[in-house]
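[1] Have a look; sequence and predicted model below, questions after that.
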Amino acid sequence: MSKTRAINQYQMPLWTMWHCVFYFFISLGLYTESVHAESLEETIDSFYRTEPSRVIDALNQVDKQAYSRLKPALLVKASYAAATTTNVDLAITLTDILLKKAYVLEDDLLFGKAYYNRGAAYAYTGQHALALDSLLFALASFENTDSAQDIARIKGALALIYVEIGEFDLAKPYFQESLDSHRERNDQTNMAIVLQNRAFMHILTGKNEQAKSDLLESLSLSKEMGLKSNYPVIYKNLGKVATAQGRFEQAFNYFEQAITSAQNNHLPHHVSEILQERALLLIKINSFEQARENLKESIKIAQQFSLLKQLRGGYLLLADVSAKLENYKEAYESHEKAAQVSEQMGESRIAANLSRLDRYTTQLKEQNKRLVLEKEKQIATLATERQVLFRNFSIFIAIIAVVFLIYFIRRFTYSNKRAELFEQQSKVDVLTGVWNRRAGEAQLVRLCNRDKESLNVFSIAMLDIDFFKRVNDCFGHDAGDRVIIALCKMIEENLRPTDMLCRWGGEEFIIILDDAESAIAFEICERIRSKLELTEIGGVGHLTVSIGIAMFENDDLQELIKRGDSALYFAKEQGRNRVVIKRKSSHEFDMPAIPKEQDSQTK
C-alpha cells in the first residue's frame, strides 16, 4: 500500500464527519423552526380570545416571514387578537396576508373576516371613517356566504360605530338583529360583546337601568366563558352607571376593578378611557387636582397606543379642568390639541355615506360585468343566427347605452345636489342653525386674504356664556340646549346683515364683523351683552356673557383668534359680564366706558 493511499484512508472519515456535523445543525435549525411554528400556532389557537396580549407577544418573537406560513384560520384569529389589543399596524399586516390568500382561494368568507378584523382595529383606536369602510366591505363579502354568525358580528360592530358617531336610531336595529341571531345559536361569546356595546348606547341615552342589566348579563357570560379581555370595559361602564345614579363610592370601586383587570390581562390601552371616566367622577366631587392628574396619565397612555378618541376626550376634559383651576393657558392649549385630534379622526358621518355609495357603485359594476359576459356567451353559442343576433344585439346595446347614459346623467345630477347639500350641512351647526366652526374659519381665511391687499377692516368677537355649566348642572342639558338656541336668536336679531355668527364649540361663539373697526364692534357687542343681561330666559332666569374683541391688523388668522381669546379670558378674569378689546400694538386690554344713558338703562 502506497503512502498516498494510506493518507486518503485517514482523510475520508474526517470529511464524512464534517458532513454529519453540517447536516446535524441544519436538521436542528429546521426542527427548532418547526417547534417555534407549532408553539406559535398553539398559542394563537388557545389564547386569541381569552388572552390576546399573549398572542401578540408570541407573534413579536418570530420573524415576520413566519406570518405568511400560517394557515388562513390562524391568520383570522391572530388578526383578531391584534385588533382587540389596538395593534393596528400588526392587524393590517396580518389582514393583508389573509386577503392575498383569500384572493387565491376565491373565498368570500375569508375576505369578510379579514375586513372585519381590520375594521375592529380601526374602531378600537377611534378611526371611525376607516372602520366603517372596512366593516361595509366585510358585510358585502359575507352576504355571498351562509355565515349567519359572521353577519351578526358585523351588524354588532356597525351598531357600535354608529353609537360612537351619535347615530343611535341606526344603531338600535343592528344591535337587536345581532343579539337575536347570537341567542338563536346560543353563541354566548358574541352575546357578551353585543350586550356590553348596547349598554354603552343605553348609558349615552340616559337609560341607566337598562345599561346595568345588559352589563351584568355580559359580565356573567364573560366569566362563564373565561373572556377576561371583556372585564375592563364592563367594569368601566358599570362605574359610569353608578356615577350617573349618584353612587360615587361604588363607582370608584368599579373603576379600580376595571384598571386592575386591564393590567392583569395585559390590556393597558383600556386604562386611558377608565382614567377619563374616573376623572369625570372626581370633577363631580370637585377634586379638580386629582382629576387633572388622572387626565394627564390618560393622555399619555392614549398617545402611546394612538387612541384618537381617548386623546380628544382627554384634551377636552383637561381644558375644562384647567379652566376651573384658572390655568387658562393650559386650557387653551388643550382645547387646540383636541381640535387637531378631531380633524385627524375625520368627518365620520360623511365617511359613512361615502362608504355606502362606494359599496353600491361596486355592486353595480359587478352586475354590468356579469351581464356583458352572459351576452358574449350567447353570441358564441348561436353562430348560425349571427347576422340576426348581431343586428338585435346592436339595437339592444344601443338601448342599454341610452338607458345607462340617462341613468348616469341623473345619477351625476343627483350626486351634485347631494354634494351641495352635504357641503351646506357640514357648515351649519345642527343644534342652533347658525354657522359652525368650519364655516367661520373659511370666512376668516377669505377676509384675511382680502384685507391684506385692501383698506377694508374687520373685527372678531369671541363670546362665552358665563357660568354655563351651572345651567346644565341645575336644569339639565335640555335646558342648556334651549339657552344656547335662545342666545343665538337674540344675537342674530342685533347683528347687521353683513355680520356672521358661528358656534365655535360648546357655549363659545365667534362673531365676524365685516367692515367694522374695534369701536363699532364694541358698540354692537355691548348692545348684545346688555340686552341679554336684561332678558329672562324661560325656566333658567337671567344670564350674562363675556366678550373679547380683536380687530384685524394685517396679522395671521391664528394670531387674530389668539388675541380674541386673550381678550375673552381677560374679561372673565375681571369678573365676567363685560366686553374687552385687545389690540395688536398694545400689551394692555381696553374696556371702553359705557355711555351714561346706556349704563343707566342696563342697570
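    Thanks, I have it. Numbers count the residues shown, from 1 in each chain.

[2] Which residue comes closest to Gly206 once chain neighbours are left out?
    Among residues not flanking Gly206 along the chain, Ala244 sits closest, at 7.7 Å (Cβ to Cβ, 6 or more residues apart in numbering). C-beta: built from backbone N, CA, C; applies to glycine.

[3] pretty sure that neighbour is touching Ile203, no?
    Yes. With contact defined as Cβ atoms under 8 Å, Ala244 reaches Ile203; the gap is 7.3 Å.

[4] Between those two, point out the one with more neighbours.
    Ile203 (22 against 15; other Cβ atoms under 10 Å).

[5] secondary structure class for the more buried one?
    State at Ile203, reduced to three classes by DSSP: H, G, I helix; E, B strand; the rest coil: helix.

[6] about what we covered before: pull the contacting residues for the residue nearest to Gly206.
    Ile203, Gly206, Asn208 (Cβ atoms under 8 Å, 6 or more residues apart in numbering).

[7] From the contact counts, what lies against the helix or strand harbouring Leu195?
    If you go by DSSP states H and E, Leu195 is part of helix 188-204. When contacts are defined as 3 or more Cβ pairs under 8 Å, 6 or more residues apart in numbering; DSSP states H and E, helix 188-204 sits against helix 148-164, helix 168-184, helix 208-225, helix 231-244.

[8] Could you list the buried residues of it?
    For helix 188-204, burial by neighbour count (16 or more other Cβ atoms under 10 Å) applies to 190-203.

[9] okay, among the residues you listed, which ones form the most distant pair?
    Asn190 and Ile203 (20.6 Å; Cβ to Cβ).

[10] Ala83 versus Gln188, what's the distance?
    20 Å (Cβ to Cβ, to the nearest Å).

[11] next one: Val579
    The gap separating Val579 from Ala83 is 52 Å, by Cβ to Cβ.

[12] do Leu105 as well
    Leu105 is 22 Å from Ala83, by Cβ to Cβ.

[13] Next: Ile193.
    For Ile193, the distance to Ala83 - Cβ to Cβ - is 12 Å.

[14] do Phe175 as well
    Computed as Cβ to Cβ, the Phe175 to Ala83 distance reads 20 Å.

[15] out of those two, which sits in the more crowded spot?
    Ala83 (26 against 23).

[16] Which strand or helix spans that one?
    Assessed by DSSP H and E, Ala83 sits inside helix 72-84.

[17] And Glu336, by the same measure?
    Taking DSSP H and E as the definition, Glu336 sits inside helix 328-345.

[18] Please apply the same query to Ile581.
    For Ile581, the element it lies in under DSSP H and E is strand 579-582.

[19] Other residues contacting that strand?
    Applying Cβ under 8 Å, 6+ apart, the contact partners of strand 579-582 are 461, 518, 521-522, 525-526, 529, 546-551, 563-564, 566-568, 570-571, 574, 589-592.

[20] What score does the closest residue to Ser585 other than its chain neighbours have for pLDDT?
    Distances taken as Cβ to Cβ, 6+ apart put Glu553 closest to Ser585, at 7.2 Å, once the chain neighbours are dropped. Per-residue confidence (pLDDT) for Glu553: 86.

[21] Isn't Ala81 up against Ala58?
    No. Contact criterion Cβ under 8 Å: Ala81 and Ala58 do not qualify, at 9.4 Å.

[22] what do those two both touch?
    Shared contacts of Ala81 and Ala58 (Cβ under 8 Å, 6+ apart): Ile44.

[23] Now do the same contact list for the closest residue to Asp214 other than its chain neighbours.
    Among residues not flanking Asp214 along the chain, Ala199 sits closest, at 3.8 Å (Cβ to Cβ, 6+ apart). For Ala199, the contacting residues are Gln210, Ala211, Lys212, Asp214, Leu215, Ser218, Asn237, by Cβ under 8 Å, 6+ apart.

[24] The second one contacts Asn237, doesn't it?
    Okay, so that is Ala211. Yes. Using Cβ under 8 Å, Ala211 is in contact with Asn237, at 6.9 Å.

[25] joint contacts of those two?
    Common contacts of Ala211 and Asn237 (Cβ under 8 Å, 6+ apart): Ala199, Phe200, Ile203.

[26] Arrange the residues you listed in TSV, one row each, with distance to Ile510 and pLDDT as further columns.
    Below are these laid out as TSV (distance: Cβ to Cβ, whole Å; pLDDT from 0 to 100):
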residue	distance to Ile510	pLDDT
Ala199	38	90
Phe200	33	87
Ile203	32	88
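
[27] just these now: which is nearest His128?
    The closest of the shared contacts of Ala211 and Asn237 to His128 turns out to be Phe200 (Cβ to Cβ; 14.4 Å).

[28] Okay, the closest one and Asp180: tell me how far apart.
    Phe200 sits 19 Å away from Asp180, going by Cβ to Cβ.

[29] which stretches of the stretch 251-400 of the chain have low pLDDT?
    The stretch 251-400 of the chain contains residues with pLDDT under 70 at 345-380, 382-384, 386, 388-389.

[30] again with the chain
    For the chain, applying pLDDT under 70 flags the ranges 1-38, 125-126, 345-380, 382-384, 386, 388-389, 419-421, 423-425, 451-455, 593-603.

[31] Leu90 reaches Val55, doesn't it?
    No. With contact defined as Cβ under 8 Å, Leu90 does not reach Val55; the gap is 10.1 Å.

[32] what about those two, which has more around it?
    More neighbours surround Val55 than the other of Leu90 and Val55, with 25 against 21 (other Cβ under 10 Å).

[33] Report the separation between that one and Gln558.
    In this view, Val55 and Gln558 are 46 Å apart by Cβ to Cβ.

[34] hang on, the earlier thing: find residues that contact each of Leu90 and Val55.
    Common neighbours of Leu90 and Val55, counting by Cβ under 8 Å, 6+ apart, are Ala82.

[35] Please identify the buried residues of the helix or strand hosting Leu98?
    Element membership for Leu98, per DSSP H and E: helix 88-105. Buried residues in helix 88-105, counted by 16+ other Cβ under 10 Å: Val88, Leu90, Ala91, Ile92, Thr93, Leu94, Thr95, Ile97, Leu98, Leu99, Lys101, Ala102.

[36] Beyond that helix, next helix or strand please.
    Next element after helix 88-105 (DSSP H and E): helix 108-124.
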